[in-house]
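Trainee: Let's see this in three dimensions:
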Amino acid sequence: MIFSQYYLDCLSQASYLIADETTGQAVVVDPRRDVDEYLADATARGLTVVGVINTHFHADFLAGHLELASRTGAWIGYGRRAETEYPIRPLADGERISLGDVVLQIMETPGHTPESISIVVYEHATDEAPYGVLTGDALFIGDVGRPDLLASAGVTAEDLGAMLYDSVHRKLMALPDEVRVFPAHGAGSACGKNLSTEKQSTIGTQRLTNYACQPMDQEAFVRIVTAGQPAAPAYFGHDAALNRQDHPLLDRSNADRPLCPEGFKEVRTEGAVVLDTRSPQEFGAGHIRGAINVPIDGRFAEQAGTVLTPDSTIAIIAPQDREDEVITRLARIGFDRIAGYLRSPGSALPALADEVTPASRLTADQLRTALAGEQPPTVLDVRSCGEREAGFIEGSLHITLADLPRRLSEIPTDRPLVVHCASGHRSSIAASLLRHHGHTDTSDLLGGYNAWHTLTHPDRG
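Mentor: As a prediction, this is how the structure comes out:
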């Protein structure tokens with residue numbers, strides 16, 4: 001058996017290739033949209049991709065099932081409850097898919113979504129115990145999939161939570177302890193609240209250490225797994241819908257368009273949003289007025305999908321020679337409307353000097369002085385709820401970064417605004433978004449709450 005895991009740190013997303021070495025038949029599970037790596041590996045190993053399975057309709061990325069099917073002729077499989085605009089192979093509970101001696105058995109595990117499935121992998125058809133189980137977003141390492149993402153679609157968290165309880169406690173926990181667990185996401189994903197950095201585990205380990213797998217009744221389970229979930233990025237609903245639709249295949253031909261300064265001005269005039277993916281330090285030193293800063297070194301796609309809208313036409317400023325990476329990562333969440341990128345930003349920005357402005361950034365000491373003045377600024381904390389519980393600046397307003405685009409109307413306009421996160425990454429994103437929407441007197445806090453805490457509690461470090 002060939003079993004390969006592909007992990008994207010920026011989306012905390014895992015996909016898998018499983019194949020029978022004798023027959024050369026392979027299935028790819030939960031593929032990302034840029035599929036070249038799977039196909040290159042298949043070619044190098046003499047494999048034929050015969051099937052593509054999505055464990056559910058993903059919300060955090062646009063899956064690559066259509067791209068793989070187009071390039072290989074593979075069938076596309078979903079749980080039997082899935083309804084799509086494109087032809088699929090409905091997969092029933094207990095169905096066995098033979099790749100040769102290697103067998104995949106479908107297990108319906110609804111709860112994160114109604115159509116969710118897990119895939120039980122047998123290295124040999126006659127094995128009593130499975131090699132492993134691909135759990136999608138039903139069971140994570142240290143957590144389970146959140147059941148609240150479909151509330152806007154009329155499916156309650158309580159209904160899905162009841163399904164998830166059955167899937168986890170009566171189905172997945174019924175597997176032998178030695179069965180390996182391979183989830184679709186890891187730490188950092190907004191699809192859960194307590195995901196581990198580990199890429200695999202076992203059923204036995206999860207039975208002992210996962211809070212949601214401990215003995216409890218259904219009511220307690222639903223209560224504990226729905227509590228404290230982070231706000232979902234705004235693009236989740238868009239991607240979940242796109243994954244059901246017969247959408248256009250990934251096409252990079254229009255996106256890879258270098259723009260000179262005059263061309264950049266032109267696309268801006270036509271309504272393109274400037275996405276500046278340089279570091280907060282470079283952005284702060286000088287950026288196009290109204291640009292939104294989402295640094296590429298971080299959870300770029302998720303954060304870009306939080307502060308941009310899917311219908312935005314985007315003009316990119318990237319660190320030198322990293323524009324291809326920016327375009328690929330935007331494509332992974334279905335943001336394909338790229339007007340082009342500013343060629344050689346180091347030399348191009350001076351040519352746009354009349355449109356370049358620095359960003360206001362305050363030190364913790366400057367903020368303390370401002371707060372003691374006659375017209376203290378509004379302080380906006382964009383950290384998570386858990387971070388704020390550990391400490392906050394007295395009198396500050398709290399709106400998480402994921403919630404900010406939906407709550408812009410709540411931001412006071414009668415005084416200056418200072419935004420902070422933990423260290424300064426998310427606050428640069430938030431401050432740039434606020435300036436973009438007209439809050440011109442906005443600064444972000446250098447070093448974030450960490451710097452503030454060090455200043456105000458020197459004895460604690």
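
Trainee: other SSEs contacting the longest helix seen in the chain?
Mentor: If you go by DSSP state H, the chain has its longest helix at helix 425-436. When contacts are defined as 3 or more CB pairs under 8 Å, 6 or more residues apart in numbering; DSSP states H and E, helix 425-436 packs onto helix 280-285, strand 292-293, helix 300-307, strand 417-420, strand 442-445. C-beta: built from backbone N, CA, C; applies to glycine.

Trainee: Just checking, which helix or strand succeeds the helix or strand harbouring Ile18 along the chain?
Mentor: If you go by DSSP states H and E, Ile18 is part of strand 13-19. From strand 13-19 onward toward the C-terminus, using DSSP H and E, the following helix or strand is strand 25-29.

Trainee: burial measure for Thr375, as a count.
Mentor: Rather than Thr, residue 375 is Gln. 8 (other CB atoms under 10 Å).

Trainee: Quick check: the gap between the residue nearest to it when sequence neighbours are not counted and Ser443.
Mentor: Nearest-residue entry for Gln375: Arg415, 6.0 Å, with adjacent residues in sequence omitted and distances by CB to CB, 6 or more residues apart in numbering. Using CB to CB, to the nearest Å, one obtains 12 Å as the distance from Arg415 to Ser443.

Trainee: Which residues are in contact with each of those two?
Mentor: Pro377 (CB atoms under 8 Å, 6 or more residues apart in numbering).

Trainee: Neighbour count: these two, which is higher?
Mentor: For Arg415 versus Ser443, the count of surrounding residues by other CB under 10 Å is larger for Ser443: 22 against 11.

Trainee: Name the residue most distant from the centre of the protein?
Mentor: Largest separation from the mean C-alpha position in the chain: Glu374, at 42.0 Å (CA atoms, centre = their mean).

Trainee: now it: how far from Ile203?
Mentor: 62 Å.

Trainee: How about Ser423?
Mentor: For Ser423, the distance to Ile203 equals 37 Å [CB to CB].

Trainee: Can you give the domain ranges for this structure?
Mentor: 2-242, 258-357, 361-456 (automatic domain parsing).

Trainee: Just put the ones you listed in CSV and tack on mean pLDDT and distance to Leu249.
Mentor: Shown next, in CSV, are those (pLDDT from 0 to 100; distance: least, CB to CB, whole Å):
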stretch, mean pLDDT, distance to Leu249
domain 2-242, 94, 6
domain 258-357, 94, 10
domain 361-456, 96, 28
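
Trainee: Please dump these into JSON lines; it should also carry distance to Leu250 for every row.
Mentor: Formatted as JSON lines, these follow (distance: least, CB to CB, whole Å):
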{"stretch": "domain 2-242", "distance to Leu250": "5"}
{"stretch": "domain 258-357", "distance to Leu250": "6"}
{"stretch": "domain 361-456", "distance to Leu250": "26"}
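
Trainee: Relative to Pro248, which of those domains is closest?
Mentor: Smallest distance to Pro248 across those (CB to CB): 7.5 Å, for domain 258-357.

Trainee: Straight-line length of the closest one, end to end?
Mentor: End-to-end distance of domain 258-357 (CA to CA, to the nearest Å): 23 Å.

Trainee: got it, and stretch 176-186?
Mentor: 22 Å.

Trainee: tell me which residues of it are tucked away?
Mentor: 179-186 (16 or more other CB atoms under 10 Å).

Trainee: And for stretch 452-459?
Mentor: Buried, per 16+ other CB under 10 Å, within stretch 452-459: 452-453.

Trainee: And for stretch 87-98?
Mentor: Within stretch 87-98, the residues that count as buried by 16+ other CB under 10 Å are 88, 91, 95, 97.

Trainee: re earlier: kindly present the buried residues of stretch 176-186 as TSV, with separate columns for secondary structure and distance to Ala157.
Mentor: Listed next are the buried residues of stretch 176-186 as TSV, based on DSSP: H, G, I helix; E, B strand; the rest coil; distance: CB to CB, whole Å:
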residue	secondary structure	distance to Ala157
Val179	coil	28
Arg180	strand	29
Val181	strand	24
Phe182	strand	26
Pro183	strand	20
Ala184	coil	20
His185	strand	19
Gly186	coil	23
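
Trainee: With distance to Phe300 as new columns, can those be given to me in CSV?
Mentor: Shown next, in CSV, are the buried residues of stretch 176-186 (distance: CB to CB, whole Å):
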residue, distance to Phe300
Val179, 34
Arg180, 30
Val181, 28
Phe182, 25
Pro183, 22
Ala184, 20
His185, 17
Gly186, 17
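
Trainee: between those residues, which is nearest Cys213?
Mentor: Closest to Cys213 out of the buried residues of stretch 176-186 is Val181 (10.5 Å), distances taken as CB to CB.

Trainee: Hmm, the closest one is touching Glu198, no?
Mentor: No - look at Val181 against Glu198 with CB atoms under 8 Å: they stay out of range, at 9.5 Å.

Trainee: shared neighbours, these two?
Mentor: Taking CB under 8 Å, 6+ apart as the criterion, Val181 and Glu198 both touch Ile141.

Trainee: okay if I get the helices and strands packed on helix 425-436 as JSON lines plus distance to Ala44?
Mentor: Output for the helices and strands packed on helix 425-436, formatted as JSON lines (distance: least, CB to CB, whole Å):
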{"stretch": "helix 280-285", "distance to Ala44": "39"}
{"stretch": "strand 292-293", "distance to Ala44": "39"}
{"stretch": "helix 300-307", "distance to Ala44": "27"}
{"stretch": "strand 417-420", "distance to Ala44": "48"}
{"stretch": "strand 442-445", "distance to Ala44": "46"}
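
Trainee: I figured Gly188 was touching Gly298, is that so?
Mentor: No - at 10.0 Å, Gly188 and Gly298 do not qualify as touching, with contact defined as CB under 8 Å.

Trainee: Which of Ser423 and Ile203 has more residues huddled nearby?
Mentor: Shown here are Ser423 and Ile203; by other CB under 10 Å, Ile203 has more neighbours (24 against 16).

Trainee: what residues are up against that one?
Mentor: Counting by CB under 8 Å, 6+ apart, Ile203 has contacts 133, 172-173, 175-179, 181.
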